[in-house]
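Colleague: Predicted coordinates and the sequence they were generated for:
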Amino acid sequence: LPAEFEAAAPVLRRLNDAGYEAYFVGGAVRDALLHDRIHDVDIATSAYPAEVKALFKRTVDTGIQHGTVTVLQPQGQYEVTTFRTESTYQDYRRPDHVTFVRSLREDLQRRDFTVNALAMDHTGQITDLFDGLGDLQRHLLRAVGKPEERFHEDALRMMRAVRFQSQLSFTIEPATEAAIRHHHQLLEKIAVERINMEFVKMMAAQDRASGLKTFIDTQLYAACPGLAGQQTALTSMLADVPHRLAESGSVWLRLVFALGLAENAVGPFLRAWKTTNTERRQAARLLPVLAKIQAGTAGAWDLYQAGPEFDSVLLPVAAQLGIAVDQWQERYAALPIHQAHDLAVDGRTVMQAAPALRGPALGQAMTAMTQAVVAGQAANTPAALLAYIQKTQQTKDGQS
Ligand code: ATP
Ligand code: MG
């Protein structure tokens, strides 16, 4: 057993000792068998939520109506979910209610892909009802059961397919892919926030091109906010240098850059995708800088305006575009200051030294000093900056 499972095994044994079935399930089992890094260890059990809670001292009702109780242990926390089926699907979305069942088989049947429908007991023994192990070996994403039905039940699964395709570098089994092509329009019924999450995971993965290609080929993109008619722009991203993106901001920056959006179109587009304010602000601020970097024309002031996300959000996208980023990183690092806070004087100091400066004039003076420092025309010391501002004031007075 991998260390993460070893650590969680006492939870399974506790449930077993009380007469319940309990297994490791979902992504953790898949990733362990692929020797990938394991994220959260999820547990499925025949015990009902109240029965789980009775067995452990410290629990949290994470999603009790869906059967999920989080069990807190010294070595970690585990989501323990009662075996369930999702029988009533309305509007191609999440089921409106779940039914708890006592059989592992029914629980595994409701899962999306065969490689996500494996269960492992505390001894490491695998339950594999749909040849998920074979599909893991073949690197195939295959819907559990009839793909047409499964995507009709829950259209988000189509986005999950392309997300896993990128994350795992797997191929989508032909009948499964055909069903996505057939049902792509049903994605419109899904809450944008949930599409957003899968899209970001797909685009952030090293092998984004494989999922993105299916996303384009099956026309899933046409059911996403603002992407109908954008096949050419989306296809341009298939040529990217493969890099994992750590920040969702990079994903959105890459997308708005590919779409060639005007600066004032970025906000509305990303709002339609229900991105966060931070993601929107970053993309709007970084987009013009990225364009200048690609054109090779970005100057010190452009780099300064990118702000601290220059390294973490912008450069990874530039790298994907095949731009040699080392020189840009050095140039950014070499800026005399990186944010307003780094300036050697603040508004109050300037006002004391030059009482005539207030209101908008003060703001302009601060910007002028910042630009002078960034451009290397003034040293970042109080004396040099106050001298600089007094000199520009005199020039202005002389002019007026
Ligand atoms: P990750 O590494 O991203 O956590 P994961 O496979 O664990 O991948 P989750 O979204 O955490 O994905 O879901 C856990 C498990 O629940 C999946 O492996 C799958 O068995 C099941 N599952 C999740 N969402 C769905 C869905 N929409 N339809 C059917 N089964 C699902
Ligand atoms: Mg998971």
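Modeller: Arrived safely, thanks for sending. Ligands and ions are numbered 1, 2, ... in the order given.

Colleague: do you know how far whichever residue of the chain sits closest to ligand 1 is from residue 61?
Modeller: Residue nearest to ligand 1 within the chain: residue 27 (2.3 Å; Cβ to the nearest ligand atom). (Each C-beta comes from the backbone N, C-alpha and C, glycine too.) Using Cβ to Cβ, to the nearest Å, residue 27 is found at 22 Å from residue 61.

Colleague: neighbour-wise, which of the two wins?
Modeller: Between residue 27 and residue 61, counting by other Cβ atoms under 10 Å, residue 27 is the more crowded of the two (17 against 11).

Colleague: okay but that one is in contact with residue 37, surely?
Modeller: No: the pair residue 27 / residue 37 is not scored as a contact, 10.7 Å apart, by Cβ atoms under 8 Å.

Colleague: Flag the shaky bits of the stretch 1-150 of the chain, pLDDT-wise.
Modeller: The model of the stretch 1-150 of the chain has pLDDT under 70 over residues 87-96.

Colleague: can I see the domain layout of the protein?
Modeller: Per automatic domain parsing, the domain ranges recorded for the chain read 1-135, 139-228, 240-335, 342-399.

Colleague: Of those, which stretch is the most buried?
Modeller: domain 139-228 (a mean of 20; mean count of other Cβ atoms under 10 Å).

Colleague: how about the strands in the stretch 1-150 of the chain?
Modeller: Ranges of strands in the stretch 1-150 of the chain, per DSSP state E, counting those that start in this stretch, are 22-25, 42-45, 59-63, 68-73, 76-82, 84-89, 95-100, 118-120, 126-128, 140-141.

Colleague: Get me the contact residues on the stretch 1-150 of the chain for ligand 1.
Modeller: 26-27, 39, 42, 111-112, 116-117 (Cβ under 6 Å from any ligand atom).

Colleague: can you redo the residues you listed as CSV with distance to residue 140?
Modeller: Compiled in CSV, these are given as follows (distance: Cβ to Cβ, whole Å):
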residue, distance to residue 140
26, 18
27, 16
39, 22
42, 22
111, 15
112, 13
116, 12
117, 13
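
Colleague: Helices - which of those land there?
Modeller: Residues of those located in helices (DSSP state H): residue 27.

Colleague: one step back: nearest to residue 234, out of the domains of the chain?
Modeller: domain 139-228 (5.3 Å; Cβ to Cβ).

Colleague: what's the span of the closest one from first residue to last?
Modeller: Using Cα to Cα, to the nearest Å, the end-to-end distance of domain 139-228 comes to 30 Å.

Colleague: For the helix or strand harbouring residue 250, which outside residues touch it?
Modeller: Assigned by DSSP states H and E, residue 250 belongs to helix 248-259. For helix 248-259, the external contacting residues (Cβ atoms under 8 Å, 6 or more residues apart in numbering) are 199-200, 203-204, 226, 230, 233-234, 236-237, 240, 245, 266, 269-270, 273, 275, 278-280, 282-283, 286-287, 290-291, 309, 312-314, 316-317, 320-321.

Colleague: rerun that using 6 Å as the cut-off
Modeller: 200, 203-204, 233, 236-237, 245, 266, 270, 275, 279, 282-283, 286-287, 290, 313, 316-317 (Cβ atoms under 6 Å, 6 or more residues apart in numbering).

Colleague: How far does it sit from its chain's centre?
Modeller: 12 Å (Cα atoms, centre = their mean, to the nearest Å).

Colleague: Repeat that for stretch 345-364.
Modeller: 42 Å.

Colleague: Next: stretch 210-226.
Modeller: How far stretch 210-226 lies from its chain's middle: 17 Å, per Cα atoms, centre = their mean.

Colleague: C-terminal to the helix holding residue 250, what's the next element?
Modeller: Downstream of helix 248-259, the first helix or strand assigned by DSSP H and E is helix 263-272.

Colleague: Give the other helices and strands that that following helix contacts.
Modeller: Here helix 263-272 touches helix 277-295, going by 3 or more Cβ pairs under 6 Å, 6 or more residues apart in numbering; DSSP states H and E.

Colleague: Just the residues contacting the helix it packs on, thanks.
Modeller: Here helix 277-295 makes contact (Cβ under 6 Å, 6+ apart) with 248-249, 252-253, 256-257, 266-267, 270, 298, 302, 306, 309, 313-314, 318.

Colleague: Identify the spatial nearest neighbour of residue 31, chain neighbours not counted.
Modeller: residue 38 (5.1 Å; Cβ to Cβ, 6 or more residues apart in numbering).

Colleague: quick one: contacts for that neighbour?
Modeller: Residue 38 touches 4, 28, 31-32, counting by Cβ under 6 Å, 6+ apart.

Colleague: Can you tell me which of those end up in helices?
Modeller: Filtering these for helices - DSSP H - leaves 4, 28, 31-32.

Colleague: possible to save those residues as a markdown table with distance to residue 80?
Modeller: Output for the ones in helices among the contacts of residue 38, formatted as a markdown table (distance: Cβ to Cβ, whole Å):
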| residue | distance to residue 80 |
| --- | --- |
| 4 | 15 |
| 28 | 13 |
| 31 | 19 |
| 32 | 18 |
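
Colleague: Just the closest of the residues you listed to residue 107, please.
Modeller: residue 28 (15.3 Å).

Colleague: hmm, back to that, out of the contacts of helix 277-295, who's nearest residue 209?
Modeller: residue 257 (16.4 Å).

Colleague: if I look at the closest one, how far off is residue 284?
Modeller: For residue 257, the distance to residue 284 - Cβ to Cβ - is 12 Å.

Colleague: Also residue 146?
Modeller: Counting by Cβ to Cβ, the gap from residue 146 to residue 284 is 44 Å.

Colleague: Could you give the bridge partners of the spatially closest residue to residue 26 that is not a sequence neighbour?
Modeller: In space, and not counting its chain neighbours, residue 26 is closest to residue 42: 4.6 Å by Cβ to Cβ, 6+ apart. Beta-bridge pairing for residue 42 (DSSP bridges): residue 25, residue 79.

Colleague: Residue 42 against residue 78, yeah?
Modeller: No: using Cβ atoms under 6 Å, residue 42 is not in contact with residue 78, being 7.3 Å away.

Colleague: follow-up on the earlier one: switch the strands of the stretch 1-150 of the chain over to JSON lines; also include distance to residue 363.
Modeller: As requested, the strands of the stretch 1-150 of the chain are exported to JSON lines (distance: least, Cβ to Cβ, whole Å):
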{"stretch": "strand 22-25", "distance to residue 363": "58"}
{"stretch": "strand 42-45", "distance to residue 363": "53"}
{"stretch": "strand 59-63", "distance to residue 363": "48"}
{"stretch": "strand 68-73", "distance to residue 363": "50"}
{"stretch": "strand 76-82", "distance to residue 363": "49"}
{"stretch": "strand 84-89", "distance to residue 363": "56"}
{"stretch": "strand 95-100", "distance to residue 363": "54"}
{"stretch": "strand 118-120", "distance to residue 363": "61"}
{"stretch": "strand 126-128", "distance to residue 363": "65"}
{"stretch": "strand 140-141", "distance to residue 363": "55"}
